Structure formats: structure tokens, C-alpha cells
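Q: what follows is a predicted structure for the sequence shown.
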Amino acid sequence: MHHPPFISRHVMEQKRAVIIGAGPAGLTAAWELLKRTGIRPIVLEKSEYMGGISRTVQYKGNRIDIGGHRFFSKSDRVMQWWMDMLPLQKLPDGTSTIAYHRMQREVAVGAAAPDPDKADKVMLVRARKSRIYYLRRFFEYPIRLSADTVLKLGIVRTAKIGASYLRSALFPYKEEKTLEQFIINRFGRELYRTFFQSYTEKVWGVPCSQISAEWGAQRIKGLSAWKTVQHALRRTLGGSGQSDLSQKGTQTSLIEQFMYPKFGPGQMWEETARQICEMGGVIHTGRRVDRVFVDGARVVAVQAANADGAVETFEGDYFFSTAPIKELMRAFEPEPPDNVLDVSDGLVYRDFITVGLLVDGLKVVPSVRGQKLISDNWIYIQEPDVRVGRLQVFNNWSPWLVGDPDKVWLGLEYFCNEGDELWRLSDEEMIRLGREELARISIIEEAAVVDATVLRMEKTYPAYFGSYIRFSEVREFVDGFENLFLIGRNGMHKYNNQDHSMLTAMIAVDNIAAGITDKSNLWEVNTEMEYHEDK
């Protein structure tokens with residue numbers, strides 16, 4: 001049934017939407033439906049938590065942000081949505097401007113902007129700092145053309161990097177099929193080997209030559225050695241042009257300020273869930289969807305089981321899924337065609353372990369005198385002799401993530417495949433591994449560790465290898481169901497950021513409200529696009 005455009009709220013009054021998953025995409029869809037239509041959402045979440053991988057985990061008064069979530073977007077719509085949900089903090093100088101590269105933008109903070117020391121429902125403004133740890137030294141990320149970089153790399157290695165970049169600039173791969181080719185075309189082979197290869201292969205567990213170039217287009221599109229040089233020159237000479245907290249003119253990897261909820265990303269989604277329930281939406285936790293019933297070109301109901309195995313059927317007029325496609329396709333009844341199952345079964349996911357280490361202090365010292373702690377949000381570990389891929393310093397995301405301000409609260413990130421040797425290690429073995437590895441690369445003393453915990457997250461990263469090359473067969477099948485909307489990172493098998501996941505939900509609701517049945521605008525939400533907003 002195709003709805004005419006601009007359906008009245010009254011006509012929609014009795015309709016309901018079933019949403020699989022209470023991550024950023026699922027909760028955004030529910031909130032948008034309640035705000036903008038008469039459709040009542042029912043959210044089914046398999047865990048007991050809100051936010052998916054954007055949740056905040058509490059451990060003995062300390063909070064863990066799984067994977068690190070900087071709140072910034074090139075989409076004004078998303079930026080405003082976040083600030084409406086959690087108001088931006090009162091800025092230190094009492095003005096409503098946020099400085100960036102000697103420029104500033106007025107931000108609608110308002111006279112009643114909350115003070116984080118007094119109010120909990122608040123969004124902080126945080127400085128962004130990431131560095132690469134390589135050769136037991138820190139390098140700026142993205143790599144900057146500076147005397148410090150040359151000094152640390154040495155003249156010979158730097159000359160090789162320069163010559164290699166020129167070779168790639170003059171003789172690039174004409175067709176970029178692999179991630180390796182994608183990065184070499186933009187940075188040269190030597191810089192790729194020095195600063196990209198080890199970390200990227202830790203993340204994915206396969207050589208970059210086996211990963212589709214589409215991953216690069218999704219995550220580092222538009223960034224290149226030349227852009228990095230230009231950025232360095234602008235910093236040195238004092239740049240000009242529009243810039244602000246949403247930083248539309250800045251490559252994502254170069255952004256230097258971001259917003260962040262006082263108690264971590266989960267606070268955003270707990271507040272969203274609270275508002276959804278307040279507006280009349282329903283959220284069921286501990287419900288795993290195991291069957292999706294279809295009739296012709298429509299989904300008619302889903303079946304969900306709780307922890308005790310009791311099942312319940314939820315009928316609806318619209319269905320949103322943020323579940324991994326591999327699981328969704330296996331739940332379909334009747335089942336999809338063999339070719340679709342062949343592709344969905346072959347989709348690969350990368351899983352994730354965080355080791356939280358509470359330490360008395362770090363061996364590495366800050367670059368600014370008078371500071372007690374380095375100022376990085378996270379550090380990319382490019383050292384090939386350890387398995388840890390990235391290190392978060394939670395103190396620098398928000399001071400309220402750390403129970404004792406005299407301690408340093410670290411998150412060591414390990415990438416693995418569910419069921420592999422790393423995944424099967426006990427918590428004690430993972431903690432021992434993390435402690436030993438950070439000591440080996442001279443970031444901590446083993447004796448400085450006072451407490452630790454381990455978190456495992458499955459299907460964190462949808463991979464661009466396996467059967468992904470045939471993904472269009474799955475998309476064609478699911479797009480044939482007029483009332484089914486696949487949204488979010490796992491829902492679409494796209495390595496989206498949080499804001500892109502939210503936009504897929506917003507656009508799906510836009511489509512429903514306007515009676516648009518074509519799904520192509522959902523699939524077009526991409527990492528560096530301007531998100532098809534009317535300017």
C-alpha cells in the first residue's frame with residue numbers, strides 16, 4: 001500500500017512501528033516517529049542497555065565509553081538534535097562562541113546554559129587530541145609536517161616517505177580496488193607502511209590488500225598527504241574561512257573540538273529513551289528477535305524471545321531493523337532466496353574487547369609543563385610487537401568518567417573475531433595481557449595498575465571483505481519490502497559513525513511522513529557527504 005504524500009497525523013494515529021535495536025539509529029527512529037507522526041514505536045532490544053555500542057558501561061564509579069564517541073557532525077540537523085537533547089555547557093568565558101583555528105562560531109547556548117559542575121544534563125565541549133605511538137614515541141595524528149616529526153623519524157626515513165609520496169602522486173594506481181591501493185594513492189607506500197598498515201591490520205585481522213577500497217572511502221575519504229600539508233600550513237600561517245563546532249569544511253580526521261555528554265555517550269541514549277517512554281513509545285529490553293514474518297512485499301510481524309525463552313509476537317505497520325543483516329536474513333519466514341542467504345551468511349564482522357585499567361599514573365609524560373597527564377583522548381598503537389590497537393584516556397573525554405581524579409582510567413582496545421584465541425581468553429588473562437603490553441611499550445609500570453575490568457562487544461565493525469562484494473543482492477531483496485527500513489551500522493552493514501546512523505533513521509522517518517517508498521536516499525548517507533540537506 002503506497003501512502004499519499006503528507007499523510008495527516010490523524011490517519012496515522014493507530015499505526016505502529018516495530019524497531020529492532022535500541023542503539024543510536026533505533027532510538028532516533030522512535031523519537032522522530034513520536035515527534036513528527038502519529039505512529040507509535042515499539043523498540044525491541046536484546047540487551048538491558050540503551051545505546052548499543054554507544055552505551056556507557058559503569059565499573060566501580062568509573063565509566064567506559066566503548067570505542068570512543070566524539071559528538072560532532074557535518075549535519076546541522078544532527079548537531080541541533082544532540083544539543084536539544086543535552087544542552088551545551090556554559091562556556092568558560094561566558095560567551096556563546098567556540099574557538100577553532102583562530103576562528104569562531106556563535107553557538108546557540110542561551111543564558112541558561114548549564115554549568116557542568118552543578119548540572120548533570122549537559123554536553124561538554126572537549127579538545128580533540130589523538131596521536132600515534134610508534135618507535136616508542138608519539139607522533140601527531142594526522143601526521144604533521146613538522147621538525148618534531150622529522151626528528152623522530154630521522155632524515156633517511158623522512159626522505160624515503162617524501163620520495164614514495166611523489167612516486168604515488170605521479171604514478172597512482174589507476175583503479176583502487178583494495179584499501180592498500182587507496183591509502184598508497186593518498187600517502188605513498190612508505191608512509192602507509194609506517195603509520196597505517198600495522199594498526200589497520202590489527203583492526204581487521206586481514207592484510208589491507210584483502211580489504212575493499214570502499215572502507216577507505218567510508219572512513220578517510222578526502223584526506224590525503226597533500227590535505228595534511230595544507231592543514232599544517234594553515235595552522236602555521238593562520239587560516240581563514242568558515243569553521244565551527246560542526247566544522248563542515250574540515251576533514252573528519254582533522255577536527256579539533258567536539259561535544260561530549262558529561263557521563264559519556266550512553267547518557268545521550270538514556271535521555272532519548274526516557275523521552276520516548278514519556279511520549280508514549282514502548283521499549284522492551286531482553287528481547288531477541290528470532291523470526292520476521294513476511295507476506296508478499298510487506299513485513300507483518302516479528303517474534304521475540306526473552307531470557308527465559310518465552311516468545312511474543314509484535315505486529316506492526318512499519319518495521320525498522322538495526323540488527324546485523326546476517327541475523328536478520330536468517331530470521332525471515334519464509335526464508336529469502338538462496339543467493340541472498342549466501343551473501344548474508346558470508347558477511348564478516350570484527351569484534352572488540354576493551355580492557356579497562358585503573359592506574360596510579362603513566363610513564364609517558366605530558367608535552368605541556370604543569371599538566372599531570374597527557375592530553376590525548378586516544379592513542380593509536382602502531383607498534384607491531386603488541387596486539388593492543390588503540391588506547392583511550394577516559395580522563396580526557398570527561399573528568400566525570402573517572403571516580404578518583406588522582407587516578408588514570410585507561411581503555412585498551414583489542415580487535416578480534418568472536419570465538420578466536422583472543423576472544424576466548426579469560427578476563428584474568430586479558431587483563432594480564434593488557435598490563436604486560438602497556439608496560440612493554442613503556443606507557444605504564446605494571447605495578448601502577450590498581451584495578452581492571454574486561455568488556456566484550458560482538459559485531460562491532462561490519463567488514464568490507466568476505467561476501468561484501470555481492471552486497472547489492474541483499475540490498476535489492478530487502479528494498480523490495482516497502483514497509484521495512486534497514487538503518488544504522490549493522491542494519492545496513494556500513495561502517496557508519498553515530499551521526500550517520502542517526503541520519504539514516506531520520507531520513508527513513510522523512511520518507512514515511514512524505515509517502516516516499518524508494519530507499520535509495522537511505523543508502524546514500526555516507527561518511528563525508530553533506531547528507532542531502534536542503535541548504
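A: Perfect, I can see it now.
Q: show me where pLDDT drops low in the chain?
A: Within the chain, the stretches with pLDDT under 70 are 1-13, 92-111, 145, 217-255, 526-535.
Q: tell me who's in contact with the residue nearest to D342 when sequence neighbours are not counted.
A: Once flanking residues are discounted, D342 sits nearest to S467: 7.1 Å by CB to CB, 6 or more residues apart in numbering. C-beta: built from backbone N, CA, C; applies to glycine. By CB atoms under 8 Å, 6 or more residues apart in numbering, the residues touching S467 are D342, V343, S344, D345, G346, L347, V348.
Q: state the distance from the fifth one to N417.
A: As for G346, its distance to N417 is 14 Å (criterion: CB to CB, to the nearest Å).
Q: now the strands for the stretch 1-150 of the chain?
A: Using DSSP state E, counting those that start in this stretch, the strands of the stretch 1-150 of the chain run over 16-20, 40-45, 56-59, 62-65, 97-100, 103-106, 123-127, 130-134, 137-140.
Q: pairing partners for the fourth one, with directions?
A: What that stands for is strand 62-65. strand 56-59 (antiparallel) (DSSP bridges).
Q: hey, which strand is longest across this structure?
A: What stands out as the longest strand in the chain, according to DSSP state E, is strand 449-466.
Q: so in that sheet, which strands flank it, and in what orientation?
A: The strands that strand 449-466 pairs with in its sheet are strand 347-359 (antiparallel) (by DSSP bridges).
Q: after the partner strand, next one along is what?
A: strand 378-381 (DSSP states H and E).
Q: partners of the next helix or strand after that following strand, with directions?
A: For strand 378-381, the following helix or strand on the C-terminal side (DSSP H and E) is strand 390-393. Partners of strand 390-393 in the sheet, by DSSP bridges, are strand 378-381 (antiparallel), strand 408-416 (antiparallel).
Q: so how far is strand 390-393 off the chain centroid?
A: Here strand 390-393 is found 15 Å from its chain centre; the criterion is CA atoms, centre = their mean, to the nearest Å.
Q: again, but for stretch 397-410
A: Worked out by CA atoms, centre = their mean, stretch 397-410 lies 22 Å from the chain centre.
Q: now swap in stretch 488-499 and tell me
A: Centroid separation between stretch 488-499 and its chain, computed with CA atoms, centre = their mean, is 8 Å.
Q: now, which of the contacts of S467 lie within helices?
A: D342, V343, S344, D345 (DSSP state H).
Q: PyMOL command to pick out the buried ones of those residues?
A: To isolate the buried ones among these in PyMOL, judged by 16 or more other CB atoms under 10 Å, type:
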select buried, resi 343+344
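Q: closest to G67 out of the ones in helices among the contacts of S467?
A: S344 (24.3 Å; CB to CB).
Q: show me what contacts that closest one?
A: Applying CB under 8 Å, 6+ apart to S344 gives the contacts I325, K326, L328, M329, R330, P336, S467, V474.
Q: of those, which is the nearest to A452?
A: Nearest member of the contacts of S344 to A452, counting by CB to CB, is K326, at 32.2 Å.
Q: which stretch of helix or strand covers the closest one?
A: helix 325-331.
Q: who touches that helix?
A: For helix 325-331, with CB under 8 Å, 6+ apart as the criterion, the contacting residues are 20, 289-292, 302, 321, 323, 335-336, 340-341, 344-345, 347, 349, 474, 478, 486, 490-493.
Q: mind redoing it with 6 Å?
A: D290, R291, V292, S321, P336, L341, S344, L347, H493 (CB atoms under 6 Å, 6 or more residues apart in numbering).
Q: just the helices from the stretch 1-150 of the chain, written as ranges.
A: Using DSSP state H, counting those that start in this stretch, the helices found in the stretch 1-150 of the chain span residues 9-12, 24-36, 76-85, 147-153.
Q: and those: which comes nearest G296?
A: When these are compared by CB to CB, helix 9-12 sits nearest G296, at 21.9 Å.
Q: let's have the contacts of helix 325-331 in JSON lines, adding distance to F139.
A: Shown next, in JSON lines, are the contacts of helix 325-331 (distance: CB to CB, whole Å):
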{"residue": "D290", "distance to F139": "47"}
{"residue": "R291", "distance to F139": "51"}
{"residue": "V292", "distance to F139": "48"}
{"residue": "S321", "distance to F139": "41"}
{"residue": "P336", "distance to F139": "47"}
{"residue": "L341", "distance to F139": "45"}
{"residue": "S344", "distance to F139": "40"}
{"residue": "L347", "distance to F139": "34"}
{"residue": "H493", "distance to F139": "33"}
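Q: in PyMOL, how would I select the buried members of the residues you listed?
A: Buried members of the contacts of helix 325-331, defined by 16+ other CB under 10 Å, are picked up in PyMOL with:
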select buried, resi 292+321+336+341+344+347+493
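Q: ok, which pair from the contacts of helix 325-331 is furthest apart?
A: Most distant of those, by CB to CB, are R291 and H493, 20.7 Å apart.
Q: pipe the contacts of S344 into JSON lines and attach distance to P116 per row.
A: Listed next are those as JSON lines, based on distance: CB to CB, whole Å:
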{"residue": "I325", "distance to P116": "39"}
{"residue": "K326", "distance to P116": "41"}
{"residue": "L328", "distance to P116": "40"}
{"residue": "M329", "distance to P116": "45"}
{"residue": "R330", "distance to P116": "45"}
{"residue": "P336", "distance to P116": "49"}
{"residue": "S467", "distance to P116": "47"}
{"residue": "V474", "distance to P116": "44"}
